[in-house]
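*Asks:* Attaching a predicted model along with its sequence, questions to come.
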Amino acid sequence: MHKFFTPDMRTDRTFTMLKPDSVEKGHIGAILEKITAAGFRIVAMKLTQMTTDDAKAFYAIHKERPFFGELVEYMTRGPIVAAILEKENAVADFRTLIGATNPEEAAEGTIRKLYAASIGENAVHGSDSDENAAIEGNFHFAGREQF
Ligand code: UDP
Ligand code: MG
């Protein structure tokens, strides 16, 4: 997990996706408002749609899990908003802002508590480490698209 970590790896960026359910329900604006109000600066952003191969690669760590097929179907069924966010302690602070994977366990006021329908359709993605934030951001954005 930490084999890509180097002492100079940045700790002030994370990667997010507003998942297809958030886009379908018209929650893009409300969720971006929560994100920027919490002090995150948007340094890359686009509306895009993952292919099946994209989703399988992005979530490869979960490929043996029983929900993998459903996860790939869900994440490819419509457009997402992909973004790179900048803030001190970005990865941990963003995970706090979005709340637990299962919205029933998410704290009051978190994005998943407010907007997620279920543990599967849970509105947003947030990277789980600095190294994955870099890998995931680079998966979606060319260097010249990261400001
Ligand atoms: N997921 C699911 N069922 C589960 C656990 C996860 O459908 O029991 C989906 C859900 O969309 C989640 C994604 O798989 O966001 C990745 O799971 P992970 O455990 O990495 O949760 P996250 O880091 O997104 O909180
Ligand atoms: Mg995860």
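*Replies:* Cool, the structure landed. Ligands and ions are numbered 1, 2, ... in the order given.

*Asks:* okay, CA-based contacts and neighbour counts for the rest of this
*Replies:* Fine.

*Asks:* Please, which helix or strand holds Thr36?
*Replies:* Thr36 belongs to helix 28-37 when assigned by DSSP states H and E.

*Asks:* Flag every buried residue along the helix or strand just after that helix.
*Replies:* Downstream of helix 28-37, the next assigned helix or strand under DSSP H and E is strand 41-48. Using 16 or more other C-alpha atoms under 10 Å as the test for burial, strand 41-48 gives Ile42, Ala44, Met45.

*Asks:* now, which of those sits nearest ligand 1?
*Replies:* When these are ranked by distance to ligand 1 (C-alpha to the nearest ligand atom), Met45 comes first, at 18.9 Å.

*Asks:* Which pLDDT value does the model give the closest residue to that closest one other than its chain neighbours?
*Replies:* Sequence neighbours aside, Ala83 is the residue nearest to Met45 in space, at 4.2 Å (criterion: C-alpha to C-alpha, 6 or more residues apart in numbering). For Ala83, the pLDDT comes out at 99.

*Asks:* Run a quick neighbour tally on Ala122.
*Replies:* I think there's a mix-up here, since residue 122 is Asn and not Ala. 25 (other C-alpha atoms under 10 Å).

*Asks:* dump the residue contacts of the nearest residue to it once chain neighbours are set aside.
*Replies:* What sits nearest to Asn122 in space, not counting adjacent residues and going by C-alpha to C-alpha, 6+ apart, is Ala116, at 4.2 Å. Ala116 is in contact with Pro103, Asn122, Ala123, Val124, counting by C-alpha atoms under 8 Å, 6 or more residues apart in numbering.

*Asks:* Going along the chain, name the strands of this protein.
*Replies:* 13-18, 41-48, 80-86, 124-126 (DSSP state E).

*Asks:* Quick one: those strands as CSV, columns for distance to Ala60 too.
*Replies:* Supplementary listing: those in CSV, determined by distance: least, C-alpha to C-alpha, whole Å:
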stretch, distance to Ala60
strand 13-18, 16
strand 41-48, 20
strand 80-86, 18
strand 124-126, 15
